[in-house]
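K.L.:
This is the structure alone, sequence omitted:
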């Protein structure tokens, strides 16, 4: 049973009700991976079997789900039947729908349609992830799963052979880890191009946060994530949201400790259009593809947004000892244009930053304590809110060509109308120092 205050509180107050209990030998499995599945083909099981053939004593928790906005009761039938056709595992007769994945792993199918009915559309994939991760967390606390990581991915992800082993490289202080990823080309050229643009947008945003010195400079993809079990309980698990559940989970986790960026071979994601969730990669790719000329799609935040963010984060550090009245002058001292300093100051005041700074000074007597308090307030959500305010007031989003003109050093070889999406995507992937193998794929 949970041996920490956070663990006991999570088990008593926040874990999903009615989850299956399991009695089996201690350390039956070494690692666990949770995958939600909605309208996915049976080929998913083949990919899991391939990973199981190279991994040892792993548990795969597959959470079949359907939102109540979808009346099709047959939406998951093909995958359900394929799973039931697998050879049953026999370690616990009280648990049905547990199947062998040779040589030593298992698949546990939790069918929310059969157990709970359709899930509320407003909670969707977030609730499905939470159910699966809650099962994993509970079975870890009972000793059935020896590892202390809960891995999260998606049905369209092709995971590398050393997917689980790579977590051994994480420092003890890490509360979560993110895997490198790329979207593989599919049969639809328009979908591929739109997906490449969207992936560029994701990388550009995180690289912009890195440039600004934000502690929240990480990708937020539920398909490429692992969480320490104790930290998972401390932040009360995945939020029940139909989209963005990975962003909000990581936002809370980053306040507990470091998030490790894993190196090595990438998780391969499918390039596909999808409406399974209200927002995210699938719907975004559909919108980009429907916009007409892809090169004209204004997808990228203006680089000046990150210049302003960098100045704000530097100014916040100095304001521990300075007065609030010095804010605008300190912003100017960061070397940004006066108009951008004025706009940043106006946006921050509207966000309540002066009151927040007063709280940070009261609660943080040392520089380290003060900065911790500040970044607890100016978190990933407020960072995005700040950038959106700048965008809406004066710094509109840019097309690929517009971005290449404004920020040529980030887009080597791009000029004017000669922006090659795939070439630019490769340059950004290389910026993340991925392996030679992954660079060769470009």
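P.N.:
Here it is on my side, so go on. Please read these numbers as outputs of a predicted model, since none were measured by experiment.
K.L.:
Are we agreed that residue 44 is in a helix?
P.N.:
Yes: Residue 44 forms part of a helix when assessed by DSSP: H, G, I helix; E, B strand; the rest coil.
K.L.:
what pLDDT does it get?
P.N.:
On pLDDT, residue 44 comes in at 96.
K.L.:
Spatially nearest residue to it, not counting backbone neighbours?
P.N.:
Spatial nearest neighbour of residue 44, excluding adjacent residues (CB to CB, 6 or more residues apart in numbering): residue 155 at 4.9 Å. Every C-beta, even on glycine, is put in place using the N, C-alpha and C of the backbone.
K.L.:
Roughly how far does that neighbour sit from residue 43?
P.N.:
Applying CB to CB, to the nearest Å, one obtains 9 Å for the distance of residue 155 from residue 43.
K.L.:
and these two? which has more neighbours close in?
P.N.:
residue 155 (20 against 12; other CB atoms under 10 Å).
K.L.:
so that one makes contact with residue 34?
P.N.:
No: under the criterion of CB atoms under 8 Å, residue 155 is not in contact with residue 34, lying 11.3 Å apart.
K.L.:
Just the element for the residue nearest to residue 367 when sequence neighbours are not counted, please.
P.N.:
What sits nearest to residue 367 in space, not counting adjacent residues and going by CB to CB, 6+ apart, is residue 320, at 6.5 Å. Secondary structure from DSSP states H and E places residue 320 outside every helix and strand.
K.L.:
Near residue 320, how many other residues are there?
P.N.:
Look at residue 320: counted by other CB under 10 Å, it has 18 neighbours.
K.L.:
close enough to count as contact, it and residue 363?
P.N.:
No: here residue 320 does not reach residue 363: they are 11.5 Å apart, not a contact under CB under 8 Å.
K.L.:
what touches both of the two?
P.N.:
Shared contacts of residue 320 and residue 363, defined by CB atoms under 8 Å, 6 or more residues apart in numbering, are found at residue 370.
K.L.:
in stretch 74-84, what counts as buried?
P.N.:
Along stretch 74-84, the positions that meet the burial threshold by neighbour count (16 or more other CB atoms under 10 Å) are 75-76, 79-80, 83.
K.L.:
Flag every buried residue along stretch 131-143.
P.N.:
131-142.
K.L.:
now, which of these lie within helices?
P.N.:
Judged by DSSP state H, helices contain the following of the buried residues of stretch 131-143: 131-141.
K.L.:
Which one of the residues you listed is nearest to residue 351?
P.N.:
The shortest approach to residue 351 among these belongs to residue 133, at 31.8 Å (CB to CB).
K.L.:
What segments of the stretch 101-250 of the chain are strands?
P.N.:
Assigned by DSSP state E, counting those that start in this stretch, the strands in the stretch 101-250 of the chain fall at 105-111, 149-152, 157-158, 176-178, 181-184, 225-228.
K.L.:
Between these, pick out the one with the smallest average pLDDT, please.
P.N.:
Among the strands of the stretch 101-250 of the chain, strand 181-184 scores lowest, at a mean of 90.
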